[in-house]
Structures are given as structure tokens and as C-alpha cells.
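Q: I'd like to go over a predicted model; first the sequence, then the structure.
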Amino acid sequence: MHSDHVEGFIDVMQLRWHNVGTKLDVVRSADAVSPLGHTVSCKKFAAHIGDTLFHAGEIAQRVTEDKRRPSGGPAELTNVTSPSSLERTLNRFGHWAKVRVQAIRSTHMPGHASYRVDTPAVSVVIGGDAGNDKSAPPRDYSISDQLEKLAKAADVMVHSVIHPIMAPDTGGGFAAPVYNRQSTVGDLGAMARRAGVKHLMLTHMIPPLGADVLGRYKSPAVLTEADYRKPVEAFGFRGSIVVGTESCERASAVELKEVCARYQPARQPASRVHLKNLRQQTASPPLWRLRKTCLLAEKAQRRPDRIRLIARNGPRRVPKPACRRR
Ligand SMILES: [Zn+2]
């Protein structure tokens, strides 16, 4: 339950509460007592998920505006549950009868767990930040043995990844314990091959694509999608590889052009709608910025390589990335 993995969930729950949403099942691992003495608790995280705004009086203020909002804040919309009880809940509904949710202990921080969801259509393994139980070399590899068992013949495996250029001896200053608790990209490729996974999705890249720094650490090289893809292939994985993107990653113009080309037919109606919306918005002054965006959007339709400018200027289209803590 690291902050860089769950902080987005705080926003999800706050918005859900704001918009008077229904309760959400929060699948959690059991409270974990660290050898250092403290306890890591998903249950408490959910129970206090809106505390800053609650204690600031913001929740009370908004309840006066819409009485349907629970007075206890977003925590009241969480239904904290374990993986097994979620499975039971899902199976109460006929069409979910074949859904199976499994969790396994994996190493990264106290209480870390990895999940597998099997449905009649697809099986997905979410490794999270799983690393090897041996906290430092010498060891055979950096991946989690438990996760490898869980991932047998899965259709999709989603996993965080670290590139060996961040190894403590390469000059970037990345701390050894932080490096060692991640799975390296080549080891993940080898594991996906052994487990017979069909699609490997890499996420939470360390370092992020196109970045020369990662928070306070310097990245010894600026990496591209290929830098993550090649080691996976070199370790024998022959399935499809998706190198995900996330905050702090700057997509290159080339990548955006490729994406643009790939989605062009499907996106055309949507982009027309987008343009129409922008035109409507620009009708009310002083939205000079949106007018500029509109102009750029129109140009980009003629020249996909200009999409990058839209990404920079169009707040409605691409949310501004916020740097994450590690
Ligand atoms: Zn982490």
C-alpha cells in the first residue's frame, strides 16, 4: 500500500462522494505488522480516506449543499472487503459465477499482495510492485516466485518495472534497498515466458519514459519504449508487450504521431466533436487560450505531428501530469 500506488484512489473516492455515488468494494490485504514495529493497514487507509477535507470543514460545507452526501465523507462509501469475500459477492450474481479472484503475498513492503482475476473471457494478473523475497543479491532473479505461480498461463500480466540503469552502482544515486525491492525488466520478461503469459503490460516504469530525473534521483540515461521492450524480448518472451505510460512521462512527438495514426479512423468523429465543443466554448470571452487550442486542434487534423502542441495547450484533452512520489 505505497502512497504512489494509492493516492489516485483518494481522488476517486472524493469525486464519488461529491457526485453522490454508491458504495465501492475496496479489496484489501490484512493489516501487516512491519518488522520495524509499525502497522500498514489498508483498512485504516480506507477509513480515513477523506480526512484532510473532513477536518478542514470542507465535507461539512458540501453536505449543506447536498444532503444526500454522507456526512462522514468518502470513507462512508467504502465497503472494505477481503479478496475471498469479494469472490463470494461476485458469485452471488449468475453471470459472475465463473469469476475467481485470487491474491498472493508478495514482497515489496509489509502487506504487499498480488492479484489474479479469472473470468470466462480473460485472466488478468496484477503483480503490483512485487519483488523477490530475498531482499538483496546474490539471488537468482528479482521477480517474485509466488507471483510466477499465480501467473501461470494468464492472458494478461500487469507489473511495475525497474530498468537496470537505475542499479545503485550506476551513478544515479538510487538507494539499493529501493532498487532491490522492484522487479527488473529482463527478469520480468523471463518470468512471463516461463509462466506462459500472453500479454505483458509494463507500468510504473523506473525511470519513466523520456525522463532524465526521477524525483531527487538522476537517471543515467533517458529511456524510450524500446529500452523497456528489448530486454523483455532478449529474455525470450514472445508474447505481446505493452509499455505503459503514466505521470511525469513525456511522450515523444514520434510516439504521439504513431498513436495518432493508429487511432485516426476510430477517433475522427470524436475529434470532430472535440472541435465543435471547443468552438462553442470559445464563443464566450475571454477564453483566448481555448481559441488557441481550437486553432491548434484544427491544424493537427491536417498535421498529426502537431498533436504534441495540443497536448501542451489543451487542458481539456490531456490532463497535466503531476509528479508522483516514489
Ligand atoms: Zn512501491
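A: Yep, that arrived. Everything numeric in this text was worked out from a predicted model, so none of it was measured.

Q: low-confidence ranges, the stretch 101-250 of the chain, go.
A: 245-250 (pLDDT under 70).

Q: same thing but 80
A: 171-172, 245-250 (pLDDT under 80).

Q: not counting sequence-adjacent ones, nearest residue to the residue of it found nearest the ion?
A: Of all residues in the stretch 101-250 of the chain, Asp129 sits closest to the ion, at 4.1 Å by C-beta to the ion. Quick note: C-beta positions are derived from backbone N, CA and C, even for glycine. Distances taken as C-beta to C-beta, 6 or more residues apart in numbering place His108 nearest to Asp129, at 4.1 Å, with adjacent residues excluded.

Q: was I right about the one you found contacting Met1?
A: No. Applying C-beta atoms under 8 Å, one finds His108 not in contact with Met1, separated by 9.8 Å.

Q: from Ser85, how far off is the residue of the stretch 101-250 of the chain closest to the ion?
A: 24 Å (C-beta to C-beta, to the nearest Å).

Q: neighbours of Gln146, how many?
A: Neighbour count for Gln146, taken as other C-beta atoms under 10 Å: 17.

Q: for the helix or strand hosting it, buried residues please.
A: Using DSSP states H and E, the element containing Gln146 is helix 145-150. Judged by neighbour count using 16 or more other C-beta atoms under 10 Å, the buried positions of helix 145-150 are 145-148, 150.

Q: now, which of those residues sits nearest Phe237?
A: Glu148 (13.1 Å; C-beta to C-beta).

Q: in contact with Asn79, which residues?
A: The neighbourhood of Asn79, defined by C-beta atoms under 8 Å, 6 or more residues apart in numbering, consists of 23-26.

Q: among these, which are located in strands?
A: Of the contacts of Asn79, the ones assigned to strands by DSSP state E are 24-26.

Q: quick check: closest non-adjacent residue to the residue of the chain found nearest the ion.
A: Nearest to the ion in the chain, going by C-beta to the ion, is His2, at a distance of 3.6 Å. In this structure, His2 finds its nearest non-sequential neighbour in Met109, 6.0 Å apart by C-beta to C-beta, 6+ apart.

Q: cool, and Gln182?
A: In space, Gln182 is closest to Ile162, 3.8 Å off (C-beta to C-beta, 6+ apart).

Q: ok, back up a step: what's the spacing between the next helix or strand after the helix holding Gln146 and its chain's center?
A: As assigned by DSSP H and E, the chain's next helix or strand after helix 145-150 is strand 156-162. Strand 156-162 has its C-alpha centroid displaced from the chain centroid by 10 Å (C-alpha atoms, centre = their mean, to the nearest Å).
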